[in-house]
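*Asks:* Have a look; sequence and predicted model below, questions after that.
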Amino acid sequence: MKIHRWLSFLHFAGMMAIPILGKNISTSTNRLAAISTHQDVQLLLWAVGLSGL
């Protein structure tokens, strides 16, 4: 049960970060770095979601 709790914390933090990182893409001076960070967090969320299955 503990691993599921940690995965839920990671998922919650990632879901809170995605809209902020999306906003950062449109306002950032370094657009490619902002897109890369957004994609890395999204990939982490997919991995957490699949590992929870």
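*Replies:* Cool, got the structure.
*Asks:* distance between the strand or helix carrying residue 47 and the chain's centre?
*Replies:* Element membership of residue 47 [criterion: DSSP states H and E] is helix 31-51. Helix 31-51 sits 5 Å away from the centroid of its parent chain (C-alpha atoms, centre = their mean, to the nearest Å).
*Asks:* do the same with stretch 13-29
*Replies:* 9 Å.
*Asks:* Would you point out which residue is most central in the chain?
*Replies:* For the chain, the residue nearest the mean C-alpha position is residue 41 (3.0 Å; C-alpha atoms, centre = their mean).
*Asks:* ok, now which ones touch that one?
*Replies:* 14, 17, 18, 21 (C-beta atoms under 8 Å, 6 or more residues apart in numbering). Every C-beta, even on glycine, is put in place using the N, C-alpha and C of the backbone.
*Asks:* Could you find the closest non-adjacent residue to the first one?
*Replies:* Put plainly, it is residue 14. residue 45 (4.3 Å; C-beta to C-beta, 6 or more residues apart in numbering).
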